[in-house]
Structures are given as structure tokens and as C-alpha cells.
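[1] Would you be able to build a 3D model of this:
(chains A, B, C and D)
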Number of protein chains: 2
Amino acid sequence: MSGRHRMLPMLQILAHAGEAPIVPPPSLSRTLDRQSQKDTVSQLLPSRTVVFLEGFARSPCYRVVDGCVATYQTLSDGRRQVIDLAGPGRIVGLGAGDRNRHSAETLGFSRLEVVVEPLAARDLEVALTETLARSQALAMLLGRKTAPERVASAILDLAGQFGRPARHKRRGTVTFHLYPTRTDLADWLGLTVETVSRCFTRLKKAGLIDIQHNDLVTLLEPARLALVAAGDCALS
Amino acid sequence: MSGRHRMLPMLQILAHAGEAPIVPPPSLSRTLDRQSQKDTVSQLLPSRTVVFLEGFARSPCYRVVDGCVATYQTLSDGRRQVIDLAGPGRIVGLGAGDRNRHSAETLGFSRLEVVVEPLAARDLEVALTETLARSQALAMLLGRKTAPERVASAILDLAGQFGRPARHKRRGTVTFHLYPTRTDLADWLGLTVETVSRCFTRLKKAGLIDIQHNDLVTLLEPARLALVAAGDCALS
DNA sequence: CGACGTATTGACTGATATCAATGGTTGTGG
DNA sequence: CCACAACCATTGATATCAGTCAATACGTCG
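    I've put the predicted structure just below:
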């Protein structure tokens, strides 16, 4: 449950020192430049751009126009938990308080737009509610599902967010671009890279999915995949 | 990850059949009577009273005045995940949609009051935000913390919600009534009853807590307990 | 007192983590 | 264009934490 973790960027270590400044973090390369946000409606950001960091002065909310953003928290020893993966239409950065409660970074070339503060109360409630429901579903997954169930659930979730109904070959099949790496998935699902990889292999061998070039996933049997995800059908 | 589970009440099975009626569930003994809600400002309910059930027609929100309410989701095979334990002042039942997204039941004699619909937008946002933050903290706990870390985190959470600063003997000690059973705790923390019990024993032997009569917990060393909860200090 | 529900403890098992080796892809610079 | 490095993914061997099974103890209520 502890051990091998990715190295923390300096900023993150600061955030955990309990003395994080209430000023925006220095504008690193790869860190979103706050000035230019005001000028443009939306920005195209490269992969692995840090949008905001846990513990720093509260950032505005962002709407994902295109691409994918991961939000996550980290423990002081580097253990990371991805809280959500957000695709087009989703809003990240919701929450009160004067500090960000989690970090956010892009997982691929992504277009984000700053959400202007006076967001309609109703819209805010809807966005908060959706985020809450997803967070609770994640808790169910993390607390009570097996590794294959978690991976199947993740694939279905991502298919819903990123999938095109492009069933060019078979009816009912869906294909989507897999933004998260195996490490991202592992940190989202409470597993290790190796376990995620093994589950993918099993799902492929069972004929439920297919993967091309490591980042293009095709759902071959969505219905059976849903059964696995819900724990109603064991895998192989 | 699967196996021994508590028996599901019939109602819950219905909720999972995908054909749950959009009418309120029949008023069983132990199920909160909706009629009387309108008449009284708050109701005193016995332990294990079901406040509302996942999958059924959307219930109003309730404010916990006194006692403790658990919200939870269940998988079709009976695996249960407690999403939150709510003490005095907290609101349960938040969320949109026409069905309840989770069930709720009292864990001890509890006083609840129905939250009148036109809740101030600001209050609603605050309550939603707090619930969201707790849910995300739970995800971090479930995905990345070890069993002793989870139990320590839970004790600190409950101390915050139910603790009185009644340090009659030592300075800094806090005592609180433990509403959840070991099973409830296990379902909240993604563990088994046995593991929760073993962690309690270890925390007691380490001198971090004391337990009287199975349901009265005293924090002997809150600071060290917080270190364990954060993963900054291994246990024994 | 006896019965039931709950908690504790011990012995053993098993799913997932850890460690380790290999292979594939991408990007960079000679 | 190729060689190399860096990163990511896969696969196998082994270790470990938490789960399972089982027995006992505790507490409350009839």
C-alpha cells in the first residue's frame, strides 16, 4: 500500500508543508499562465499541464472544452489518488474554501476555458451534484469492487465521456481515445500499474474489449462489460 | 472482496431490479413515516431506522439534529459501501435526479428534521461542497491508505463530529460515543469487521486510544493518531 | 439462565502488491 | 537514417496485507 511513487514536484511538497503561500504558484513552464487566461476565452494546453495545485490559493473553475483533465490529491509520502477524470463539458475546480482541495492536470492536449464567477446558481448546483455523484460512485468502486470490476467500470466511464458511437464495423461497439496512462488509471482505481495491465489483458482475452496502440480502446461487448463492472459476472 | 454479506431487505432487492416504483416504499415498521414528517419539525427515530432507500423516488433532505445517520450504496450481490456518517448539523439526502442515489439509516436514537425545499442557495452550496469534500477524502482513504491508517482517520473524523472536549482527566483527550458498529465501520472503510477490530486492538495497545463498553472511545494521543491517519507514522 | 447479536482472536488463504526482467514506442541528436 | 535514452506497458516470480474461516468471549434482552 506504500512504496514506489512518482517523484513529487517541488511545488507539491510546499503544498504539504502547511505553509503554502496564498499567492499563485510561480509560472513554470508547463504551469498555466494566469495572465493569459483573462485574455482568451479558452486555452489549448499541452499534456501534463498543471492547471492548479492542492493547497494553493483557490483557483477559478475551468470547463473542459476538449481533452481530459485529472484531479487528484496526494499524501505526504507521495501516494496519489486521482479523484476524477473529466472530459468535454465537465467542470473542474468546484469547491469552497480559500485553498484548492486537489490538484488538476491535463492528460492530453486539452482546451479549457475559465468559468466566469457568477455561474448561475442552478448550473453550479447541477455541476456540484454531478461531481458528488461521481465521487460517491468512486468510493463504492474503491471500497468494494475487485480489480477486474474496477477496470471494467473505468472503461465504461471513459467510454461514456470520450466515446463516439462510431460503430464503423460492428453494431454496438464503441471506440474512444484513452487519455490516462496505466499509472493514471492505477491511481484512479486504487491499484498498481501492473494490476491494471493484467486486467486489461484479461478483458482482451475474454473478448470484451480491444486495444490498439495502447490508447485506443474498443468496447466489443458493452453489455457483458457492464455485468463485470457491476460484479454480476466474474471474469474468465 | 466478495463473500459474506448481510442479508438484503426485500425493498433493496427491488431497488436493484431496475424497476423500482416511483412511489415511496411501503411504510414498514422501522421505516420513516412520511405523513408525520409534515406535522413535526423534527422526529426522534430509533436505531436502524431507514430514512430513505437507494433507487426509490427522491426523498427530501434531512438535517441531523442529534444522533448519527449513515448513507450507503449496495451492489446487487449485497456488498455495501457506507458513503458517509453524518452527525449533528449535517444534511443528508443531497443530490439531484428523481431517485435517491443512496440509502440512509440511523445508527442510534437520532433526531432528524426535514429540510424545507427552498433552502437558501448559498446554504445548499455550502452543504453540497462539504459533502463533496468528505466524499473525496473518503476516496483518498479507500484508494491509498492502509487498514490502520483508515481506522485512525475514521476515529479522528468521528471525534470531530461527535466528540466533546470533555477532558475530565487529561488535557487534550477527547471522548465520543461510537455510533457505528464494527460492521458499519468496515463498510465505511472498505475493510472487514475482523480487520477493524484488529486495528482497534493495535491502536489501544499503542496507547493512542482507549475504548470503554465497545462504544465509548477516548483519544489519548490525538496528535500521534493524526500522524498515523496521514501515513506519516507507522503503527507499532 | 439461555439465546442472540456483536466483538475479539487465531490459523490459514488468497488477491493484489512488489520486485524484476523484457519489449515497444517516441523523441533527440549525431 | 540510425543509435540511444527515456518512458510506458507487459509478463513472471514472489511477498504481504487484508480476507476468510472458525472458535471463543462478551453483553443485552427475553
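[2] Now do stretch A:151-161, average pLDDT.
    For stretch A:151-161, mean pLDDT is 98.
[3] what about dumping the CA coordinates of it to CSV?
    Written as CSV, here are the backbone C-alpha positions of stretch A:151-161 (Å, rounded to 0.1, in the frame of the first residue of the first chain):
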residue,chain,number,x,y,z
VAL,A,151,-11.1,-1.7,-14.6
ALA,A,152,-14.3,-2.6,-16.3
SER,A,153,-16.1,0.3,-14.5
ALA,A,154,-13.4,2.7,-15.6
ILE,A,155,-13.6,1.7,-19.2
LEU,A,156,-17.3,2.2,-19.2
ASP,A,157,-17.0,5.5,-17.6
LEU,A,158,-14.4,6.7,-20.1
ALA,A,159,-16.4,5.3,-23.0
GLY,A,160,-19.3,7.4,-21.7
GLN,A,161,-17.2,10.6,-21.5
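[4] mind listing what's buried in that stretch?
    Of all the residues in stretch A:151-161, those buried under the rule 16 or more other CB atoms under 10 Å in any protein chain shown are A:151, A:152, A:153, A:154, A:155, A:156, A:157, A:158, A:159, A:161. All C-beta atoms are positioned from the backbone trio N, CA, C, and that covers glycine.
[5] is DNA strand D contacted by it?
    No - against DNA strand D, stretch A:151-161 shows no contacts by CB under 7 Å from any atom of the strand, the least distance being 10.5 Å.
[6] Next, report how far that stretch is displaced from the centre of its chain.
    Mean-position distance between stretch A:151-161 and its chain equals 11 Å (CA atoms, centre = their mean, to the nearest Å).
[7] so does that stretch get close to chain B?
    No - Stretch A:151-161 lies apart from chain B when judged by CB under 8 Å from any CB of the partner chain; the minimum separation is 11.1 Å.
[8] Which residues does that stretch contact?
    With contact meaning CB atoms under 8 Å, 6 or more residues apart in numbering or on different chains, stretch A:151-161 is reached by A:85-88, A:90, A:141, A:145, A:174, A:176, A:178-180, A:185, A:188-189, A:191, A:196, A:199-200, A:203, A:208-209, A:217, A:219, A:222, A:225-226, A:228-229, A:235.
[9] again, 6 Å this time
    The contact list for stretch A:151-161, computed with CB atoms under 6 Å, 6 or more residues apart in numbering or on different chains, reads A:87, A:141, A:174, A:176, A:189, A:199, A:219, A:225, A:228, A:229.
[10] Now for the fifth one: which residues touch it?
    I take that to be residue A:189. Per CB under 6 Å, 6+ apart, neighbours of residue A:189: A:150, A:154.
[11] Need the three-state assignment for the residue nearest to the spatial centre of chain A.
    For chain A, the residue nearest the mean C-alpha position is residue A:85 (1.9 Å; CA atoms, centre = their mean). Secondary structure, DSSP: H, G, I helix; E, B strand; the rest coil: residue A:85 is strand.
[12] can you check residue A:55 too?
    With three-state DSSP as the basis, residue A:55 sits in coil.
[13] Distance check, it against residue A:227.
    Distance, residue A:55 to residue A:227, using CB to CB, to the nearest Å: 41 Å.
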